[in-house]
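1. sequence unavailable; structure follows:
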């Protein structure tokens, strides 16, 4: 993107005149959850998280991810402080699948 366009986009963002899709280009923070229909929206401009038509799919995907995180003992979503407190002195790379030393969660 050339400098003139970037400057104009930043100006428009500061003035609050960009639409939601345009704001995603320059936003410094992203929503915690994002869901896109890449067949209908290949540029991923419209977040469907709050769309009632996609709530079933969102729950389905969240359940799948949570299940996989537990199966893999994925600790990288934890805050560093939690990780240190729960890890009993080992690193995330030393935790092997099947060891339940961090979570105390049911399998």
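-> Perfect, I can see it now. A quick note: this is a predicted structure, and the numbers were derived from the prediction, not measured.

2. where does this protein dip in pLDDT?
-> By pLDDT under 70, the low-scoring segments of the chain are 1, 73, 75-76, 86-89, 91-107.

3. switch the cut-off to 90
-> Scanning the chain for pLDDT under 90 picks out 1-7, 9-10, 13-14, 19-32, 43-46, 65-107.

4. now the helices for it?
-> Listed in chain order, the helices of the chain (DSSP state H) span residues 3-15, 20-26, 55-72, 80-87.

5. and the ones you listed as JSON lines, adding mean neighbour count?
-> C-betas here are computed from N, CA, C, even on glycine. Formatted as JSON lines, the helices of the chain follow (neighbours: other C-beta atoms under 10 Å):
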{"stretch": "helix 3-15", "mean neighbour count": "11"}
{"stretch": "helix 20-26", "mean neighbour count": "13"}
{"stretch": "helix 55-72", "mean neighbour count": "12"}
{"stretch": "helix 80-87", "mean neighbour count": "12"}
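
6. wait, which of these is closest to residue 49?
-> Between residue 49 and the helices of the chain, the tightest spacing by C-beta to C-beta is seen for helix 55-72, at 6.4 Å.

7. can you redo the helices of the chain as CSV with distance to residue 39?
-> Formatted as CSV, the helices of the chain follow (distance: least, C-beta to C-beta, whole Å):
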stretch, distance to residue 39
helix 3-15, 27
helix 20-26, 17
helix 55-72, 13
helix 80-87, 37
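
8. all good on my end, thank you.
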